[in-house]
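S.K.: sharing a sequence plus its predicted fold:
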Amino acid sequence: MEPEDQIGRRLAELRQQQGYRQEDFLKLLQAQGVDWTQATLSRVEGGKRPIRLTEAFAISDALGIDPKDLGPDQSGIGYRIEALKLQLNRLKENASEAISRRDSTRDGIAALRLADELRKDSQVEYVAHGTPDRFIQLLSKWITPNGVYPYQDVLAFLGGSESFERDGSSLTREDYDQYLRAFKSWLSEVLQERFPNLKFTGDDSGRFSVPGLTESLDAPGPLPPMGTNGLAVHLGIDRNGG
């Protein structure tokens, strides 16, 4: 039996074992970046169309199996490269999510530190790199771990009782944009009145930060010692004299 026949039949067997119809399995493949038609899948499973190495990894990922389970041994250098590429892509996705969560948490801490200072002394002087509405949004998200605070509750947390009088629930998109601008302007005035020495740069393109409060959040953590043990292991050297 030709390798294509073996791999195709094995794919059909694994797909059916997991209860996937062809159309369902095609959706899984599409999520992995393989845009096959049902005709293509039928040709592959019938041994009439070979599977590329990159496709084998996408198939194995969709089925939750090792690529080697699809058929002939794929333990060569090409297999190793594709395995590492798949691992690298997963690490990138995890790293991207971790960085996003890190930055969001960092901004939350910055806003909470500023709020804590303002609650202690409404006359304290700070210049926040950001906008008033960004400050309120961050507090809305991070004051409690149990959901989003309405802006009225955030202002109450800061010691105020103001409420924006206009209702934006039934506005058109154009009217809503105007409503949002009015709300942001109102919010800025409320904070300015309550905290006259608090300034905002108005630049919301970077991290929310407050000089004098948040420098420690951006300080690099301690680096691991650059010892020679790890290098010695990679070089095959026994540092104990062997």
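M.R.: Done, it's in. Numbering: from 1, shown residues only.

S.K.: only C-alpha atoms from now on, for both contacts and neighbour counts.
M.R.: OK.

S.K.: which strand or helix spans the most centrally placed residue in the chain?
M.R.: Nearest to the mean C-alpha position of the chain, by C-alpha atoms, centre = their mean, lies Glu97 at 2.6 Å. Element membership for Glu97 (DSSP states H and E) is helix 77-120.

S.K.: for Tyr126, grab phi and psi.
M.R.: phi -150, psi 150 (degrees, to the nearest 10).

S.K.: quick check, it in contact with Ser209.
M.R.: No: Tyr126 is beyond contact range of Ser209, at 10.3 Å (criterion: C-alpha atoms under 8 Å).

S.K.: higher neighbour count, these two?
M.R.: For Tyr126 versus Ser209, neighbours defined as other C-alpha atoms under 10 Å are more numerous around Ser209 (24 against 19).

S.K.: so where's this protein shaky on pLDDT?
M.R.: Filtered on pLDDT under 70, the chain yields the residue ranges 1-4, 71-80, 82-83, 86, 167-170, 221-242.

S.K.: quick one, helices of it?
M.R.: 3-17, 22-31, 38-45, 53-63, 77-120, 132-142, 151-157, 173-194, 215-218, 229-235 (DSSP state H).

S.K.: make JSON lines out of the ones you listed and add distance to Glu165.
M.R.: Converted to JSON lines, the helices of the chain look like this (distance: least, C-alpha to C-alpha, whole Å):
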{"stretch": "helix 3-17", "distance to Glu165": "59"}
{"stretch": "helix 22-31", "distance to Glu165": "46"}
{"stretch": "helix 38-45", "distance to Glu165": "57"}
{"stretch": "helix 53-63", "distance to Glu165": "52"}
{"stretch": "helix 77-120", "distance to Glu165": "24"}
{"stretch": "helix 132-142", "distance to Glu165": "17"}
{"stretch": "helix 151-157", "distance to Glu165": "11"}
{"stretch": "helix 173-194", "distance to Glu165": "9"}
{"stretch": "helix 215-218", "distance to Glu165": "37"}
{"stretch": "helix 229-235", "distance to Glu165": "64"}
